[in-house]
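J.: Everything below, folded, please.
(2 chains)
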Amino acid sequence: MRRGKRRRLLSAALWTVIATCALAYATSLAVPLWYQLHDQKLLIVTSGSMVPTFDPGDAVVTRNVGDSYELLKPGLMVSFWPLGSTQLVTHRIVSVTNIASTTGEVDGEGRAIKSMRDGKPVEVPYIITKGDANEENDANATPAANVQGIVLSVHPHWGWVLQWAESPAGRAAMLVPPLVALATLEVLAVADGRRRGPRPERRPEERHIDAVLHG
Amino acid sequence: MMDDLLQEMINPAPAQHDRPRRRRLWATVAIVGMAAIGVTSLTTSALFSDRERTGGTITTGTLDLGVDQSLTFNMPVGNMLPGARVYAPVTITNDGSLAFEYSAKVTADPVASGNPDPDLGNGDTPGTGDLTSQLHLDLYKVSSAACNDTRVSAGTLLGSSPGAWGIGTNQQLFGSTTPGDATNLTVSAKAKSYLCVRVGFSEDAGNTFQNTAAKITLTFDAVQQTGFTDGSNPANG
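T.: Numbering: from 1, shown residues only, chains lettered A, B, ... in the order given. Next comes the predicted model:
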């Protein structure tokens, strides 16, 4: 009788592990997906250039901008790819400006020649940005086309959690224990079955009929 | 014995259909299924595609140094006398999208005096001296466009024409056209850099320099800053 009680407790504990881990894992999948379905993105903050607005390890939710450059206004925080970089940076817009394109050639005095179209210089929208924790503006201006999204909200500490959840170690920590627990339950069930003695064997005729029906 | 084994392989005993077992089976299927979803691009892109560039237009930066077209010296009343110093502001603007670093050099050329009726001691006959040999130029970095004696003393001396007196051709004042030169000055995109030029006229200049003129040309060379291509600029962090 005491053995049965212990077994039930063990079984409940194992099922708790299974449910908790599976739920945690499902959440780690669902949260980024939920934002993606709303045309938003979760970005993990990795540097301290926006302290105290947000810290490394926080996550920011950004809304995709696309071609709607008119949405970019001074004071907004945006995520963008700096010129020549593949790493996203999230900083605040200081100003929005048009910069004339240059042909890449120079005139007799060594001045850059502006690109012209229909007699007017070709101007491209750019943003000047700065990290809240930085003294100076970012050295290079960023083309508005390089803006990935506007920051909508900040979730403290989500970044570390999500990063861990997406890492192999995090996934293993959430997936291996429930699978081990399930295997343990299976082994226990088999052991119980053994202890109870062999199941009453069905008669050969029955098996034959099964075979015919399946076959 | 062998017959039993064969029979078991051909026609295995029906699986147990007890409820706990089915529950374990479904739990396993659910967890393995979620693990499979987790490794597909569907969810990894939700969180991680932001780490890489997908599609989008490629924009190259522009390097564009803007500078006042002419130096305007605040000339003392009655023209420049030996020992006098005159000042002229220069504003360097970064009109491009890339930060640049720049250097400066100076050239002085003697020109015919444009003064038709100089109120000077020797009448209107231009002197025979080469004024460029009696001039000295200092370039200062200041905090705003104003340029005078007090601003210069609060500013930073960037460089001077070599020697005590005399300005030649293409004499480097500071920096070089080598990217990364520590003496170069940097200007961020759309930012300005304020400079102040001071030109002194030798106290020992004689009468041969009366009613003479010189043209001073400052040349600023901008080069793109290095170390930005991989986003490793700490200021970007």
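J.: Against which helices or strands is the helix ranked longest in chain B packed?
T.: Secondary structure of chain B per DSSP state H: the longest helix is helix B:19-39. In terms of contacts (3 or more C-beta pairs under 8 Å, 6 or more residues apart in numbering or on different chains; DSSP states H and E), helix B:19-39 is packed against helix A:2-37, helix A:168-196. Glycine gets a C-beta too; all of them are placed from N, C-alpha and C.
J.: Relative to the whole chain's centre, how far out is the helix or strand containing A:Val161?
T.: For A:Val161, the host element (DSSP states H and E) is helix A:158-166. Here the centre of helix A:158-166 is set off from its chain's centre by 8 Å, with C-alpha atoms, centre = their mean, to the nearest Å.
J.: likewise stretch A:9-29?
T.: 22 Å.
J.: Might you list the low-confidence residue ranges for chain B?
T.: B:1-2, B:7-8, B:11-17, B:40-60, B:69, B:74-78, B:114-125, B:227-237 (pLDDT under 70).
J.: In it, which residue is most central in space?
T.: B:Phe100 (2.2 Å; C-alpha atoms, centre = their mean).
J.: buried stuff in the helix holding A:Val161?
T.: By neighbour count on 16 or more other C-beta atoms under 10 Å in any protein chain shown, the buried set for helix A:158-166 is A:158-159, A:161-163, A:165-166.
J.: Keep only those of those that are also close to chain B.
T.: Applying C-beta under 8 Å from any C-beta of the partner chain to the buried residues of helix A:158-166, one finds that A:162, A:166 fall near chain B.
J.: Out of the buried residues of helix A:158-166, which is nearest to B:Ala205?
T.: Checking the buried residues of helix A:158-166 against B:Ala205 by C-beta to C-beta gives A:Gly159 as the nearest, at 69.3 Å.
J.: List the residues that contact the closest one.
T.: A:44-46, A:56-59 (C-beta atoms under 8 Å, 6 or more residues apart in numbering or on different chains).
J.: if we go to 10 Å?
T.: A:Gly159 is in contact with A:42-46, A:54-60, counting by C-beta atoms under 10 Å, 6 or more residues apart in numbering or on different chains.
J.: Narrow these to those in strands?
T.: Of the contacts of A:Gly159, the ones assigned to strands by DSSP state E are A:42-44, A:59-60.
J.: now the residues you listed as TSV including pLDDT and distance to A:Lys114?
T.: Formatted as TSV, those follow (pLDDT from 0 to 100; distance: C-beta to C-beta, whole Å):
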residue	pLDDT	distance to A:Lys114
A:Leu42	84	40
A:Leu43	85	36
A:Ile44	84	40
A:Ala59	88	42
A:Val60	89	37
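J.: Scan those residues and report the most crowded one.
T.: With neighbours taken as other C-beta atoms under 10 Å in any protein chain shown, the top of the ones in strands among the contacts of A:Gly159 is A:Ala59, carrying 25 neighbours.
J.: For it, which non-adjacent residue is spatially closest?
T.: Leaving out its chain neighbours, the residue that sits closest to A:Ala59 by C-beta to C-beta, 6 or more residues apart in numbering or on different chains is A:Trp158, at 3.7 Å.
J.: Wait, that neighbour touches A:Glu166, no?
T.: No. Between A:Trp158 and A:Glu166 there is no contact under C-beta atoms under 10 Å: 11.9 Å.
J.: Mutual contacts of those two, please.
T.: A:Ile44.
J.: Tell me which stretches of chain B form strands.
T.: Ranges of strands in chain B, per DSSP E, are B:65-67, B:85-94, B:100-111, B:135-142, B:156-160, B:171-174, B:185-187, B:192-201, B:213-224.
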